[in-house]
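> Pasting a predicted model and its sequence here:
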Amino acid sequence: MTRRFYMDFEKPVVELEHRLNTLKEDPLAHEPDIHKEIEWLEEQIEKLKLRTYSNLSPWQKVQIARHPERPRLAAYIKEITSDWRELHGDRAFRDDPAIVAGLATIGGRQVVLVGHDRGSDTRDRIRRNFGSPHPEGYRKAIRFFRLADKFNLPLVTIIDTPGAYAGVGAEERGQAWAIAESLRTLTDLRVPVIAVNIGEGGSGGALALGVADHIIVLEHAYYSVITPEGCASILWKSKEKAPAAAEVLGLTTTDLMKMGIIDEVIDEPLGGAHREPGVVFRGVESAIVRTVERLLKKSTEELTTERYERFRRLGVFMEPAADTDAGENAR
Amino acid sequence: MTRRFYMDFEKPVVELEHRLNTLKEDPLAHEPDIHKEIEWLEEQIEKLKLRTYSNLSPWQKVQIARHPERPRLAAYIKEITSDWRELHGDRAFRDDPAIVAGLATIGGRQVVLVGHDRGSDTRDRIRRNFGSPHPEGYRKAIRFFRLADKFNLPLVTIIDTPGAYAGVGAEERGQAWAIAESLRTLTDLRVPVIAVNIGEGGSGGALALGVADHIIVLEHAYYSVITPEGCASILWKSKEKAPAAAEVLGLTTTDLMKMGIIDEVIDEPLGGAHREPGVVFRGVESAIVRTVERLLKKSTEELTTERYERFRRLGVFMEPAADTDAGENAR
Amino acid sequence: MPLSDWLKHRRQQLAGDPAGKRTVPGGIWSKCANCGETIYQRDILENLHVCPECDHHFPPSPDEWVAALLDKDSWRQTNSNLTPEDPLGFIGRKSYKESLAAAMAVTDGHEGIMTGHGRLADRAVYLGVMDFRFIAGSMGAVVGEKVTRLFESAKDERSPVIMVAASGGARMQEGMLSLMQMAKTTAAVARHSDAGLPYISILTNPTPGGVLASFASLGDIIIAEPRAHIGFAGPRIIQQPLGEELPKGFQRAEALLEHGMIDKIIHRRDLRNELAGLLGYLAGETSSKVGATR
Amino acid sequence: MPLSDWLKHRRQQLAGDPAGKRTVPGGIWSKCANCGETIYQRDILENLHVCPECDHHFPPSPDEWVAALLDKDSWRQTNSNLTPEDPLGFIGRKSYKESLAAAMAVTDGHEGIMTGHGRLADRAVYLGVMDFRFIAGSMGAVVGEKVTRLFESAKDERSPVIMVAASGGARMQEGMLSLMQMAKTTAAVARHSDAGLPYISILTNPTPGGVLASFASLGDIIIAEPRAHIGFAGPRIIQQPLGEELPKGFQRAEALLEHGMIDKIIHRRDLRNELAGLLGYLAGETSSKVGATR
Ligand SMILES: [Zn+2]
Ligand SMILES: [Zn+2]
């Protein structure tokens, strides 16, 4: 596999790999000495990879989540769905290409699929606003949430966005209203909702597709209330401190599982999903199929009640005996 | 009352009225001869008014419906409602001033009121696009239809629009979609819907507020599938033929009652609502109150079924025995 | 009707068909009204009325639509006996009665729309196809009634509806009764939809005015044909600040897709497969199974 | 609390209140942060914290809001015993624990929001008032829980909810748990709303981010205070093509009204009457009577 891009912390691995490849291409590669050197190098690389990738810092994970070669929505649609039929439009203002929606079959099961699309090349990325929806994008998503509800099709959302878009038009057309409406629509949905975070889970823009019965997150994907850069500029007035911010935000799958915010983590190959995407596709596919089957056994009443309770219990606080001053305690 | 505007066919009346006023202001007005002249003139004016106004042509009625001094939405709100609380916005794009919506009390009964607003002076008329809504106007209306539904408040709509707006933005933001959604929302509404046409009922723009249980129309208001001017340019390639088009379109209250399209006509004073607005306000108010009371006695089921049947039966066609070729007849 | 039959039928029809003439002139060779290429007429007809040179979509007749979309011999037309009246005694440049007589001579008695039911990829569907040749496919009482009955029957049979729209809008000659067909058809669509049933609307060239502002824009899924002209107000009457031109591609299917109004643009040759696929989701086994647990 | 009492209380508070200091400096005379006029401080306080010169709306404390909106002595605070935790052990420039301690010293223990119920023009209402002084009124677990309980209790009691929003958005220091409060509060609003009950949201200066994109924008009716800054993204981070300035009045209540996002802008002196009037419609006799026949 040709690697066109690597992150700083991967440099030692990449350098060793480069040396290995050079040796392998040497006409004398079959000579016993060189052969031994190759074997030794391969061993070293494996060890180094293990060391490098098994203790990734939160910031390194954020970098993997943003890796330019990481598989995005289009790849998942291609690899895990069949009979994909994309549909368009909010029926009111504009078809937002940052949100892709349609009908799909996953493991023989028909679903409505809605996800963030970050685009494939520079031109496409610009067109799709790098996966940051405008209000019409959330409204497009809502249209397809309702379609799922009307036709009793399970809903699968694929989350992968740096976040909501900070722009004049997005504000003027009420992105806060659109996000709230999206949350509200998902809350009341009478069909199973499964969310899969495949990369970046940027605050409100991600949550708008994330009010689900079961939330699956890839090992190195992150989910955060604010981007590490945004947090760093608030805390330390410097975007350079993003790595430190990533440490304190609790945005990794390990943290998210501990806090009960997500339900399932899908392992990635050493180095990230882009190293061996097939493994990840199969993992995501089987997790979706398994979950859809499980949730379809529940009644509408069970689904909506459990979804309510799922989010209802999130949040850590203390509740000592009520103040006498306060008069009463409502719950 | 100062009259600042009159229509061509009113000219003889206006001239006599002018002569009468001149005489009345004459210092010698109390002289027997002049007094007689005044009495004679008053009699003539009454006769002429009766002759002029009791056999108005459809085109003359259209002119009265468009009369600049005719009372519009704002006057009705002022005169027939109390505790008026205007509300705003489609929550998505823009607050369209061509549609006014709010909570109102009419005859002690609380309702949601939605109507076309044509504006009061030139500046206001431009701001309100002369009462022609944009798509966001229909969506604003829909929001308040749903508010009425949620809070079990009867809905009163006031229709007075030359029609939907033919503009690029209105097309691009899907006015056909917005109008259809408005029709659809009214169809399903679980509360009484009463429509009052106080002036112009211009095709789709009017119908968007017109899917009602009871449709009241002022005597000289009109309701038409197309403006007389539009019809004339299609039929005779000339807007000058609008009077002839008005004749053939069946747009007067007499025609509309005959066809079963409307349910109630409110008489206007001789010469039109602007001649004595108070009479019309009282007529509209009592018609609304009476209708609301009647409709509130019905169950939700009765209301929606009867509303469906009300429009279901409109349309004239022949249904001879089914063709044998056609195989079957669905109804 | 098998393909060969309706091609023959179509050819006969074209001789005396003014609408047909306008787009595909009679005779063996035709000049495409869009690209100007001279094309062997049979090539256009066999290509579902799509120009083989430029892909321009000319209008098929309702019979041809049925043959193109439905399973062979599955079609049953309904309500073809409904015929229009002249409620206003309307007389413009010519009388409505004359217009009706002329239109009826051209079409097969189905007025502005042909309705019925059949099977599409072995799935029961209710289908309506508007006929632009009948007073520009405008919606009068007969069109309104047939659309309403179509949705009512489909609701009773719990079947999907497919509607091929092509229209000149409301039928002015029936006055306000024609405007009321918007409310009437919308209400029928609403009841069908409230029963959880799918409705796919296909917008062909042209779909304006009253038809678009009622049943045609209310599909769960809306498909348009390439370059179809779709909009509420005709471009001639659009009010523009002095001197400004209409945006490029204004009211064309491609612009509507960008503006979020339609779900997709499908080439006519792919339409049947697309409909079968979509119905597989919306009227499929899964959804009915889950629906049953509600 | 009668008006005179809370004026006294407020004056005491201002001495040690950094938020208060920022807007109305301590001492007898204050300089209005908006118009720059020097004003006798009592005049601002007695004017519900509205500058008598320029009508600028300064933030009252939750107690003052309660006194301004509800019937005398009708207020019962609920859940004031909920106190925040530090789930992430968050340490930025200062630790979350320090921030919490500082914030608690300023406020009355109600955290970022004070919730409870009382009567407004003799009608039972559930009321929440956010407190910008508590870590900029940001939404952490305590705010989320209290908002949720407020809507849940109001639903059980079939009462309307009034919410006075003023916030800095999500509370970053609680990480993803704070983002999840958006989903949690929205779900509670949805259940209250689905039960047919009214919710009036009042947006004060400022209402941004996560609070706006959840419960604050979901009111059946949304009222804003004059010139209140309301928007999702802060103006500092709005991305503009090079050199372009933000539109005039961007994210101000007046612009939001034009853009269709809020129902009306109400001066604070008229707010109580407006709420009483609106509730008279939405929670009135008519609607409950009609509702009963359903
Ligand atoms: Zn061609
Ligand atoms: Zn001031």
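Done, it's in. Ligands and ions are numbered 1, 2, ... in the order given.

> Spit out the contact partners of the one residue in chain A that gets nearest to ligand 1.
Proximity to ligand 1, evaluated over chain A using CB to the ion, is greatest for A:His88 at 26.6 Å. C-betas here are computed from N, CA, C, even on glycine. Contact analysis of A:His88 by CB atoms under 8 Å, 6 or more residues apart in numbering or on different chains lists A:95, A:101, A:140, C:257, C:260, C:262-264.

> Point out the residues in the stretch 51-200 of chain A that sit beside chain B.
A:91-93, A:135, A:139, A:173-174, A:177-178 (CB under 8 Å from any CB of the partner chain).

> between these, which is nearest B:Glu10?
Minimum distance to B:Glu10 across these is 45.0 Å, recorded for A:Ala92 (CB to CB).

> does the closest one really touch B:Gln175, like I thought?
No. Using CB atoms under 8 Å, A:Ala92 makes no contact with B:Gln175, being 10.7 Å away.

> Which residue comes closest to the residue of chain A closest to ligand 1 once chain neighbours are left out?
A:Asp95 (4.6 Å; CB to CB, 6 or more residues apart in numbering or on different chains).

> Mind listing the shared neighbours of A:Ala92 and B:Gln175?
In contact with both A:Ala92 and B:Gln175: B:Pro135, using CB under 8 Å, 6+ apart.

> what about the two, which has more around it?
In terms of neighbours (other CB atoms under 10 Å in any protein chain shown), B:Gln175 is the more surrounded of A:Ala92 and B:Gln175; the figures are 31 against 25.

> any idea how far the more buried one lies from ligand 2?
44 Å (CB to the ion, to the nearest Å).

> Who are the contact partners of that residue?
Contacts of B:Gln175 by CB under 8 Å, 6+ apart are B:134-135, B:138, B:164-165, C:213, C:232-233.

> go on, A:Ser120?
A:Ser120 sits in contact with A:72, A:74, where contact means CB under 8 Å, 6+ apart.

> quick one, phi/psi of it?
Per-residue torsions, A:Ser120: phi -110, psi -40 (degrees, to the nearest 10).

> can you check A:Asp263 too?
Main-chain torsions, A:Asp263, degrees, to the nearest 10: phi -110, psi -20.

> what about the residue of chain A found nearest chain D, how many neighbours?
Here the residue of chain A nearest chain D is A:Gly315; by CB to the nearest CB that distance is 3.1 Å. Using other CB under 10 Å, A:Gly315 is surrounded by 26 other residues.

> ok, for it, nearest residue in space, not its chain neighbours?
D:Ala141 (3.1 Å).

> tally of neighbours for that neighbour?
D:Ala141 has 24 nearby residues by other CB under 10 Å.

> tell me the pLDDT at it?
As summarised for this prediction, D:Ala141 has a pLDDT of 97.

> quick one: it and A:Gly108, what's the gap?
Between D:Ala141 and A:Gly108 the computed distance is 41 Å (CB to CB, to the nearest Å).

> what does C:Asn81 give?
From C:Asn81 to A:Gly108 the distance is 46 Å (CB to CB).

> These two - which one has more neighbours?
Neighbour count, other CB under 10 Å: between C:Asn81 and A:Gly108, C:Asn81 has more, with 18 against 8.

> what packs against whatever helix or strand A:Val156 lives in?
Element membership for A:Val156, per DSSP states H and E: strand A:155-161. Where contact means 3 or more CB pairs under 8 Å, 6 or more residues apart in numbering or on different chains; DSSP states H and E, strand A:155-161 is packed against helix A:73-80, strand A:109-116, helix A:135-150, strand A:193-202, helix A:203-207.

> will you turn the contacts of A:His88 into a markdown table that also has distance to ligand 1?
As requested, these are exported to a markdown table (distance: CB to the ion, whole Å):
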| residue | distance to ligand 1 |
| --- | --- |
| A:Asp95 | 28 |
| A:Ala101 | 33 |
| A:Lys140 | 34 |
| C:Leu257 | 22 |
| C:Gly260 | 29 |
| C:Ile262 | 23 |
| C:Asp263 | 26 |
| C:Lys264 | 22 |
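
> Would you reformat those residues as CSV and include pLDDT and secondary structure?
Formatted as CSV, these follow (pLDDT from 0 to 100; DSSP: H, G, I helix; E, B strand; the rest coil):
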residue, pLDDT, secondary structure
A:Asp95, 98, coil
A:Ala101, 98, strand
A:Lys140, 98, helix
C:Leu257, 98, helix
C:Gly260, 98, coil
C:Ile262, 98, coil
C:Asp263, 98, coil
C:Lys264, 98, strand
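
> what does the stretch 151-300 of chain A put close to chain C?
Near chain C, when you scan the stretch 151-300 of chain A using CB under 8 Å from any CB, you find A:151-153, A:190-191, A:296, A:299-300.

> before we move on, back to that, now the contacts of B:Gln175 in a markdown table, with distance to B:Ala74?
Listed next are those as a markdown table, based on distance: CB to CB, whole Å:
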| residue | distance to B:Ala74 |
| --- | --- |
| B:His134 | 20 |
| B:Pro135 | 23 |
| B:Tyr138 | 20 |
| B:Ala164 | 21 |
| B:Tyr165 | 20 |
| C:Ala213 | 27 |
| C:Phe232 | 28 |
| C:Ala233 | 27 |
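
> buried set for the helix or strand that contains C:Ala105?
Using DSSP H and E, C:Ala105 sits in helix C:96-106. Residues of helix C:96-106 classed as buried: C:96, C:99-100, C:103-104, C:106 (neighbour count, 16 or more other CB atoms under 10 Å in any protein chain shown).

> Could I get the contacting residues of residue 113?
Since no chain was named, I'll use chain A. A:77, A:81, A:84, A:101-104, A:106, A:155-158.

> Please refer instead to chain C.
C:Ile113 touches C:62, C:128-131, C:137, C:142-143, C:146-147, counting by CB under 8 Å, 6+ apart.

> For ligand 1, tell me which of the residues you listed show up nearby.
Among those, no residue lies close to ligand 1 (CB under 5 Å from the ion).

> List only those of the residues you listed flagged as buried.
If you count burial by 16+ other CB under 10 Å, the buried members of these come out as C:62, C:128-131, C:137, C:142-143, C:146-147.

> picking up where we left off before, for the residue nearest to A:Gly315, give me phi and psi.
phi -60, psi -40.

> Report the rounded mean pLDDT for stretch A:197-217.
pLDDT averaged over stretch A:197-217 gives 98.

> swap in stretch C:103-119?
Stretch C:103-119 carries an average pLDDT of 92.

> give me the number of residues near C:Gly243?
If you count neighbours by other CB under 10 Å, C:Gly243 ends up with 5.

> Wait, C:Thr78 touches C:Gly116, no?
Yes. Using CB under 8 Å, C:Thr78 is in contact with C:Gly116, at 4.8 Å.

> could you pull out the helices for the chain?
Picked chain A for this. Here chain A has its helices, by DSSP state H, at A:11-25, A:32-54, A:58-65, A:73-80, A:122-127, A:135-150, A:168-172, A:175-188, A:203-207, A:228-236, A:242-249, A:253-258, A:277-296, A:300-312.

> try chain C instead
Using DSSP H, the helices found in chain C span residues C:3-15, C:18-23, C:41-46, C:62-69, C:96-106, C:141-156, C:176-194, C:209-212, C:253-258, C:268-282, C:285-292.

> hey, which of these is tucked in deepest?
Comparing the helices of chain C by mean neighbour count (mean count of other CB atoms under 10 Å in any protein chain shown), helix C:209-212 ranks first with a mean of 30.

> which residues sit against it?
The contact list for helix C:209-212, computed with CB under 8 Å, 6+ apart, reads B:176, B:180, B:203-204, B:225, C:130, C:137, C:139, C:165, C:167-170, C:178-179, C:181-182, C:203, C:230-234.
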